[in-house]
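> Predicted model follows, preceded by the sequence.
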Amino acid sequence: MYIRVSTAQQNIAMQEGSAGSILSQFPASQIHRFIDEGVSATKTKLRERPGLQKLIQSIQHREIGTVVVYDRSRISRNTYEYIAFVKIIQSYNVRVIFTGDKEPAFTSSHFIEAFYALHAQGEGKKIRQRALDAQRHFPSKLIGYIKIEENGQVRYIRDEPRATYIQSLFEKMANVSTTVEMESVFLQYRAKIKRPYLRLFKILNTPFYSAIVLNENQCQQLEYVEPITTQDLYNRVKQNLNVIASADQQVKTEQLSYRMMPVCGYCGEPMSVQSGDYFHRKMATYVCKTKIHRRNAISIQEYENEIMSIIYDYLKSIDIKKMEKMCFQYIREQEMKSKNKKRSLEQALVQINVEIVTFLAIKKRTDALLKRKEQLQVALRDQDAMIKRLDDIKVNFSEMAYLIKVRLISDLIQDSDLWDLAEDLICQISVFKSEIKMVLRCKTFIREGAF
Ligand SMILES: [Zn+2]
């Protein structure tokens with residue numbers, strides 16, 4: 001697992017917590033943490049980050065099978081650096097899992113990874129926009145332009161034929177609607193403009209080509225620049241790329257919560273994820289890694305719907321009165337036990353204090369008594385902690401009962417609540433070719449014959 005925090009405000013626990021359900025599938029001894037603290041991704045080069053550096057080394061030593069990380073921007077906000085990382089990942093056949101809620105799943109395509117990384121980079125850019133202000137107003141060099149300085153005046157004029165190529169690149173990109181179409185336009189223009197596609201993305205993200213500079217909410221016209229494209233076209237391209245990016249996110253694969261990953265019903269091994277492709281209408285699926293069970297697969301959407309409906313039925317069939325009664329009774333018994341223990345420990349302490357005074361003259365005896373006294377005090381603190389914990393459980397339990405009773409019965413329960421409950425209630429989910437089997441906890445509370 002790789003974690004990067006740039007400031008004290010950013011939370012290691014948050015990044016760690018979002019990975020909880022994934023990490024829980026691995027034995028603790030197999031989880032390695034690589035952490036970079038106080039490192040901003042926009043400023044620092046990949047190689048200047050010791051945690052990431054160590055991770056890469058471990059990958060190269062074939063010690064890592066899966067990398068778990070919050071999102072792309074944790075690796076780098078610089079697309080070139082990020083793609084360098086992707087190449088290492090791919091050449092060592094490592095699996096990558098992003099745990100951020102809205103982060104699209106990792107793909108095997110450099111092109112698409114670059115596309116997503118550029119979105120992340122765009123956000124990083126906003127942060128250091130001020131520093132680049134002069135550069136944005138007066139770039140020292142920009143493909144498609146010739147910079148002319150006369151009598152202290154600067155002008156930018158079109159550099160043909162590349163200016164025309166860039167102009168038509170903007171026109172084409174305003175009209176593509178899928179990543180596949182996008183890729184073919186890029187291939188064509190990569191040859192024409194003679195720049196790698198990452199550079200082409202950057203060109204499309206440069207308002208300077210429409211002779212403007214964007215500041216926070218307003219745009220500033222640059223009189224000394226001959227426009228290559230129009231502001232309208234620039235905006236349309238930008239919007240279009242956003243639509244394509246968010247369409248990709250809508251694929252179920254991209255919402256991968258990785259909550260409750262299933263095991264293969266035939267071999268018991270954890271299943272792995274095969275990402276989907278929105279534009280090819282291919283659904284993301286869980287599939288068994290074992291070759292002979294390759295056909296044992298289920299689309300994640302179908303899987304999640306199925307679990308939702310089972311959990312829903314299950315919760316509806318809980319006899320809440322019975323559950324409350326049994327649970328509170330159990331908690332009360334534990335409380336009684338703890339309180340009794342506490343009382344006898346307190347009595348023993350009083351007794352030992354008397355003995356210590358009595359045998360004060362005999363050193364050996366006193367030492368033994370003092371040691372015993374210390375043990376009793378530790379045991380007493382444990383009981384106090386236990387009583388406090390039982391109190392907490394009572395509160396938590398009341399909340400859970402409330403959640404089930406009020407919200408579920410009135411149909412107000414949300415999917416995220418159901419998932420939270422699912423994680424508490426389901427031990428394991430096994431996928432078979434024609435059915436899903438679950439091992440559930442708390443069967444005691446189910447109404448007889450209901451489920
Ligand atoms: Zn299997």
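Cool, got the structure.
> Please report the distance of the residue lying farthest from the centre of the chain from residue 353.
For the chain, the residue at maximal distance from the C-alpha centroid (CA atoms, centre = their mean) is residue 361, at 65.4 Å. Separation of residue 361 from residue 353 (CB to CB, to the nearest Å): 16 Å. Bear in mind the C-beta positions are built from the backbone N, C-alpha and C, glycine included.
> likewise residue 366?
Relative to residue 353, residue 366 is positioned 12 Å away (CB to CB).
> any shared contact partners between those two?
Residues touching both residue 366 and residue 353 (CB atoms under 8 Å, 6 or more residues apart in numbering): none.
> Of these two, which one has the most company?
residue 366 (16 against 12; other CB atoms under 10 Å).
> Residues of the stretch 251-400 of the chain that sit close to the ion?
Counting by CB under 5 Å from the ion, the residues of the stretch 251-400 of the chain close to the ion are 264, 266, 267, 288, 290, 293.
> which ones are touching the residue lying closest to the first one once chain neighbours are set aside?
Closest residue in space to residue 264, ignoring its immediate chain neighbours: residue 288 at 3.8 Å, by CB to CB, 6 or more residues apart in numbering. Applying CB under 8 Å, 6+ apart, we find residue 288 in contact with 264, 266, 267, 269, 271, 272, 294, 296, 297, 431.
> same thing but 7 Å
By CB atoms under 7 Å, 6 or more residues apart in numbering, the contact set of residue 288 is 264, 267, 269, 271, 294, 296.
> Thought residue 290 was touching the third one, still the case?
In other words, residue 269. Yes - shown here, residue 269 and residue 290 form a contact pair, counting by CB atoms under 7 Å, at 6.1 Å.
> Give me the most central residue, this structure.
residue 99 (1.7 Å).
> so where do the helices sit in the stretch 1-150 of the chain?
With DSSP state H, counting those that start in this stretch, the ranges of helices along the stretch 1-150 of the chain come out as 12-17, 20-23, 50-60, 72-75, 79-91, 110-127, 133-137.
> How many residues are close by residue 142?
When counting by other CB under 10 Å, one arrives at 19 neighbours for residue 142.
> Contact partners for it?
Residues near residue 142 by CB under 7 Å, 6+ apart: residue 208.
> mind checking pLDDT for it?
In this prediction, residue 142 carries a pLDDT score of 90.
> Ok, residue 88 next?
89.
> who's in contact with it?
56, 59.
> How many residues are close by residue 143?
Residues contacting residue 143 under the criterion other CB under 10 Å number 19.
> Skip the chain neighbours and tell me the closest residue to it.
residue 162 (6.1 Å).
> Surely the one you found touches residue 144?
Yes - using CB under 7 Å, residue 162 is in contact with residue 144, at 4.9 Å.
> more neighbours, those two?
residue 144 (24 against 18).
> Could you measure from residue 340 over to the ion?
For residue 340, the distance to the ion (CB to the ion, to the nearest Å) stands at 51 Å.
> again, but for residue 205
Plainly put, residue 205 is 45 Å away from the ion if you go by CB to the ion.
> swap in residue 55?
From residue 55 over to the ion the distance is 30 Å, taken as CB to the ion.
> which ones are touching that residue?
Listed by CB under 7 Å, 6+ apart, the contact set of residue 55 reads 2, 34.
> at 8 Å instead, please
Residue 55 sits next to 2, 34, 64, 67 when contact means CB under 8 Å, 6+ apart.
> Likewise for residue 405?
Residues near residue 405 by CB under 8 Å, 6+ apart: residue 320.
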